[in-house]
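**Q** predicted model follows, preceded by the sequence.
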Amino acid sequence: MTNVISVRFRGGCKTYYFDPHGLTVNEGDFVIVETAQGLEYAQCAMSCHDVPDAEVVQPLRPIVRLATENDRRMAEYNRGREKEAFATCQKKIVAHGLDMKLVRVECNFEGNKIIFFFTADGRVDFRELVKDLASVFRARIELRQIGVRDEAKMLGGLGICGRPFCCAEFMDEFMPVSIKMAKTQSLSLNPTKISGTCGRLMCCLKYEQDAYEDAVRRMPKNDSFVQTPDGVGNVSDLNLLKEKVTVRLDNQPEAPKCYHNCEVCVLRNGKGSRDGIVIPEKAPERYVAPLADDEEVMPTVISEMLTEPPAVSVPVEEKRRRRNRGGRRGGKRPEGAGGDAPAAAKVAVKPMPKKAPEDGQAPATRKPRRHSRGRRGGKSGAPKAES
């Protein structure tokens, strides 16, 4: 095991190993490292850690020092020179009439070398351009032609998925992508749908390719002769993600059915004749989806400690019927509705005996009831006896 730190240079996702040389470097700190191009200003991506010796490229270069305030100022000054060099180079390209597109300009930490990255359809004779740039900046000039994928990685942007480019965010190196991957994943072969902003096939086609290839090996091909729990038929469609197959049964050819891969017994894989194929007597079993870890079957609990009967909800028709005949007054309330006690449980109330009039007094008579003027059905006055 070798103790190293990982650093990342500006505008790149790939990390490189360097010898900490006894220095304590925290993640996110800026350091000065020695490279084949000279001293460079880089950022620590991972502090001191051990890696296998096979992953280290010898000789392992050490860290020169932690970045100081003067180093930060020098890096900012170089960024300003890059903007100036970009504008000057564009003017020189137009003046020389070169068919090239300037993408980016990088100035090394020491300031004695400037690198110009450009794209072009073919070879470009830029010898006169280099001489003009060298006379202006008094530094070593280097022009590098890059591809469209490198251009997208340097410039960055958003893909059709709405996220930043994978190559500009986390990919260390470009992965080989082919049109065969799109065919295996049953994607549309329309170039506008499977191509990225750079105009090449999207790098994300490689992410799920291994899972698709594994599913293709385990599932039957189209037009395969299979046996299902409902009979025999031919495969008409595949769903590799869900691992399901659509089978056109012989006894129901007009209504294809969908089955899980484990419900299908392959009798002939691919196209061919059915002659000589022996159909097993026992059909495959039905597929039962397993329960999730957090899904439990709760037993039904019947409570025997209920002291009150459950409230019975009054249907809408009954409410309308009551409203039409003036509310609850004058209408007979159904038994058990609204929590009323049943008729058998009601207590009979005996009428009070009438009091006989005393000697010399006239018999009591009731006054007629008077209805309130405010609303119908108001309280009436209490009966009074007349003397």
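**A** Perfect, thanks for sending it. Numbering: from 1, shown residues only.
**Q** now do residue 234 against residue 274, distance only.
**A** 9 Å (CB to CB, to the nearest Å). C-beta here means a position set from N, CA and C on the backbone, and glycine is covered the same way.
**Q** which one of these two has more residues nearby?
**A** Legend: neighbour count by other CB atoms under 10 Å for residue 234 and residue 274, higher for residue 234 (20 against 12).
**Q** ok, back up a step: report the set of residues contacting both of residue 234 and residue 274.
**A** residue 225 (CB atoms under 8 Å, 6 or more residues apart in numbering).
**Q** in this structure, spot the strand with the most residues.
**A** If you go by DSSP state E, the chain has its longest strand at strand 38-51.
**Q** work out the gap between that strand and the centre of the chain.
**A** Averaging C-alpha positions (CA atoms, centre = their mean, to the nearest Å) puts strand 38-51 33 Å from its chain's average.
**Q** list the contacts of that strand.
**A** 1-10, 15, 17, 20, 24-34, 64, 67, 71, 74-75, 108-110, 112-113.
**Q** so for the next helix or strand after that strand, mean pLDDT?
**A** For strand 38-51, the following helix or strand on the C-terminal side (DSSP states H and E) is strand 63-66. Mean per-residue pLDDT for strand 63-66: 86.
**Q** now for the helix or strand just after strand 63-66, which elements pack on it?
**A** Moving toward the C-terminus from strand 63-66, the next helix or strand (DSSP H and E) is helix 69-96. Secondary-structure packing of helix 69-96 (3 or more CB pairs under 8 Å, 6 or more residues apart in numbering; DSSP states H and E): strand 30-35, strand 38-51, strand 101-107, strand 113-119, helix 127-137.
**Q** quick one: buried ones out of the contacts of strand 38-51?
**A** 4-7, 9, 15, 17, 20, 25, 29-33, 64, 67, 71, 74-75, 108-109, 113 (16 or more other CB atoms under 10 Å).
**Q** dump the helices and strands packed on helix 69-96 to TSV, plus mean pLDDT and distance to residue 224.
**A** Shown next, in TSV, are the helices and strands packed on helix 69-96 (pLDDT from 0 to 100; distance: least, CB to CB, whole Å):
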stretch	mean pLDDT	distance to residue 224
strand 30-35	87	57
strand 38-51	84	48
strand 101-107	91	51
strand 113-119	91	48
helix 127-137	89	62
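**Q** in JSON lines, list these along with distance to residue 87.
**A** Output for the helices and strands packed on helix 69-96, formatted as JSON lines (distance: least, CB to CB, whole Å):
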{"stretch": "strand 30-35", "distance to residue 87": "27"}
{"stretch": "strand 38-51", "distance to residue 87": "23"}
{"stretch": "strand 101-107", "distance to residue 87": "9"}
{"stretch": "strand 113-119", "distance to residue 87": "12"}
{"stretch": "helix 127-137", "distance to residue 87": "11"}
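**Q** and the gap between residue 255 and residue 248?
**A** 9 Å.
**Q** give me the more crowded residue out of the two.
**A** residue 248 (16 against 7).
**Q** ok, and what's touching stretch 64-75?
**A** 23, 25, 29, 30, 31, 32, 33, 34, 39, 41, 109, 111.
**Q** hmm, try it at 7 Å
**A** Stretch 64-75 has contacts (CB atoms under 7 Å, 6 or more residues apart in numbering) with 23, 25, 29, 30, 31, 32, 33, 34, 39, 41, 109.
**Q** which secondary element of this protein has the worst mean pLDDT?
**A** When each helix and strand of the chain is scored by mean pLDDT, DSSP states H and E, helix 316-324 comes last, with a mean of 72.
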